[in-house]
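> Requesting a structural model of the entry that follows:
(chains A and B)
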Amino acid sequence: SQQGEEDPQALSIQEGENATMNCSYKTSINNLQWYRQNSGRGLVHLILIRSNEREKHSGRLRVTLDTSKKSSSLLITASRAADTASYFCATDGGSNYKLTFGKGTLLTVNP
Amino acid sequence: DVKVTQSSRYLVKRTGEKVFLECVQDMDHENMFWYRQDPGLGLRLIYFSYDVKMKEKGDIPEGYSVSREKKERFSLILESASTNQTSMYLCASSSQGRHTGELFFGEGSRLTVL
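Predicted coordinates for the structure are as follows:
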């Protein structure tokens, strides 16, 4: 079952612009995570936000979480061509072990 | 540097063959996972293990089995490969905690079944 769904499916921007990706989910969570995947490679963890947190920052990344709306957003500021990748949100659905991933947003940053 | 290593990046097998995908992690993690990734479907969990010799079915276990004889190694087995099992397979691990934490992924194994 797909817990998280990212929006948009694809996003194309110019270098220096900000990129915003959204994630909606269906059930209660303990935490929500964002991952990045370069083409043909494994996923890399970016940031984890707990259900009692509303906002979290890591470098150029800003994540927000609204548990009342069951949604999260990932903002990448001052994007670079190297940010080109697919971005996935993942939720635990209240489970202690497994994460369920969305289908991802493909971000293209044009130089 | 922490690492999850998948034994093969690319494999080509014939229908009906038995296929082993191996995954080793060096972080002493309790939890290990196998996902498959397909265009338009995202990542789907096949099996996971939270301890040696323990295994739990994920969302799509049919046609797969797993083995965890040692803490660091988690194997995915396709008993009789079929063309619809052509996919990217991703192994991941995480440490056991109160809630599901960060997953560390391998580079993936791209399997083609002819």
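
> Helices of chain A, residue ranges please.
Shown for chain A, no helices are assigned by DSSP state H.

> Output the below-cut-off pLDDT ranges for it.
Within chain A, the segments meeting pLDDT under 70 span A:1-3, A:95-96.

> Residue 111 - how many residues pack around it?
Defaulting to chain A. 9 (other Cβ atoms under 10 Å in any protein chain shown). The way it works is simple: take the backbone N, C-alpha and C, and place the C-beta from them, glycine included.

> wait, I meant chain B there
Counted with other Cβ under 10 Å, B:L111 comes out at 21.

> Of all residues in chain B, which one is nearest the centre?
B:W34 (2.7 Å; Cα atoms, centre = their mean).

> which stretches of the chain form strands?
Looking at chain A here, since you left the chain open. Under the criterion DSSP state E, chain A contains strands at A:4-7, A:10-14, A:19-25, A:31-37, A:43-50, A:55-58, A:61-66, A:71-76, A:85-91, A:100-101, A:105-110.

> my bad, the chain I had in mind was chain B
B:4-6, B:10-13, B:19-25, B:31-38, B:42-49, B:56-57, B:65-70, B:73-78, B:87-94, B:104-105, B:109-113.

> Can you tell me which residues in chain A are near chain B?
A:1-2, A:30-31, A:33, A:35, A:40-45, A:48, A:50, A:88, A:90, A:92, A:95-104 (Cβ under 8 Å from any Cβ of the partner chain).

> Kindly give a single ChimeraX line that selects the buried subset of those.
Typed into ChimeraX, the line below selects the buried ones among the residues of chain A next to chain B, using 16 or more other Cβ atoms under 10 Å in any protein chain shown:
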select /A:30,31,33,35,41,42,43,45,48,88,90,92,95,97,98,99,100,101,102,103,104
